[in-house]
Structures are given as structure tokens and as C-alpha cells.
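Colleague: sequence first, predicted coordinates after that:
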Amino acid sequence: MSLKIVIRPTAAAAPFEQLRAQIADQARSGALPVGYRLPTVRGLADELGLAANTVAKAYRALESDGVIETRGRNGTFVAAAGDAADREAATAATAYAERAHRLGLDRAAAEAAVRDALRAAYDA
């Protein structure tokens with residue numbers, strides 16, 4: 001197994017977002033197994049021709065999402081993210097549903113807002 005990342009300078013998404021998305025996709029698909037040790041921030045930055053801060057920002061976002069975990073000086077590893085991601089998504093969905101209800105939206109309007117948000121996030 002190895003990390004395969006391609007950063008496209010002309011892409012609409014910022015390099016840190018491209019990196020974050022590719023690592024997340026590979027971790028969630030199993031291409032990067034749980035426990036896989038990721039390169040150091042500096043090492044990956046050098047390999048990809050990016051600033052270390054760009055890689056660090058992507059790693060922080062991935063850690064916040066539960067995709068990776070940092071074990072101090074031992075390194076950064078792919079976490080068992082599936083369950084954590086599912087739980088966080090369910091929590092966010094519940095919070096949204098409760099907020100939409102409090103705002104007085106009917107079910108159709110609340111669902112339409114979700115569809116629009118998902119289209120914006122996934123089709124971008």
C-alpha cells in the first residue's frame with residue numbers, strides 16, 4: 001500500500017483541500033488501511049512540492065474529521081474513521097433537523113435545503 005496523491009495546480013480546489021480529499025477518499029475506500037503510517041508533514045510537502053503549512057492544514061482537517069490520528073512523535077496514522085464519520089454525520093443531521101424545525105421550515109423546505117447543500121458540496 002502507498003499513498004497516491006496528485007495535486008493539480010489548475011484545479012478549482014485549493015491544494016490543501018485536494019490533499020485532504022484524496023487522503024480521506026483513500027482511507028475510507030480501504031486503499032489506505034487502518035493503521036497505515038502517513039508521511040511526515042515535511043516529507044509529504046517536499047514530495048508534492050507544497051508548503052509544509054499546506055500539508056499541516058490538511059492533516060489538521062483530517063484529524064478533526066477522525067480520518068487520521070497523530071500519535072505524538074510516533075507519527076500520523078489512518079484511523080478507524082468509518083464509525084466516527086458515521087456518528088458525526090448522524091449528529092450533524094440531527095442538529096440540522098432540530099434547527100430547521102425550530103425555524104419553522106416544513107419537511108419539504110428542510111429537505112430542499114439539504115439537497116442544495118449536498119449538490120454544492122459534492123458537485124463542486
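Modeller: Received it, and whenever you're ready, just let me know what you need. These numbers come from a predicted model, not from an experiment.

Colleague: show the pLDDT at the residue in the chain sticking out farthest from the centre.
Modeller: In the chain, counting by Cα atoms, centre = their mean, G104 sits farthest out from the average C-alpha position, at 31.4 Å. pLDDT recorded at G104 is 96.

Colleague: do the same with S29
Modeller: In this prediction S29 is given a pLDDT of 85.

Colleague: ok so, going back, just to be sure, the residue farthest from the centre of the chain is in a strand?
Modeller: No - counting by DSSP: H, G, I helix; E, B strand; the rest coil, G104 is not found in a strand; it is coil.

Colleague: please report how far it lies from A110.
Modeller: When distance is defined by Cβ to Cβ, to the nearest Å, G104 is 10 Å away from A110. Placement of C-beta: from N, CA and C, glycine included.

Colleague: now swap in Q26 and tell me
Modeller: Taking Cβ to Cβ, one finds Q26 at 33 Å from A110.

Colleague: more neighbours: which of those two?
Modeller: In terms of neighbours (other Cβ atoms under 10 Å), Q26 is the more surrounded of Q26 and A110; the figures are 20 against 16.

Colleague: next one: phi and psi at the more buried one?
Modeller: Here is the backbone geometry of Q26 (degrees, to the nearest 10): phi -70, psi -40.

Colleague: what helix or strand is E69 on?
Modeller: Using DSSP states H and E, E69 sits within strand 68-70.

Colleague: what lines up beside that strand in the sheet?
Modeller: strand 76-78 (antiparallel) (DSSP bridges).

Colleague: for the strand it pairs with, buried residues please.
Modeller: Buried residues in strand 76-78, counted by 16 or more other Cβ atoms under 10 Å: 76-78.

Colleague: give me the low-pLDDT residue ranges for the protein?
Modeller: 1, 81-85, 124 (pLDDT under 70).

Colleague: and the helices in it, which stretches?
Modeller: 15-29, 41-48, 52-64, 81-102, 107-122 (DSSP state H).
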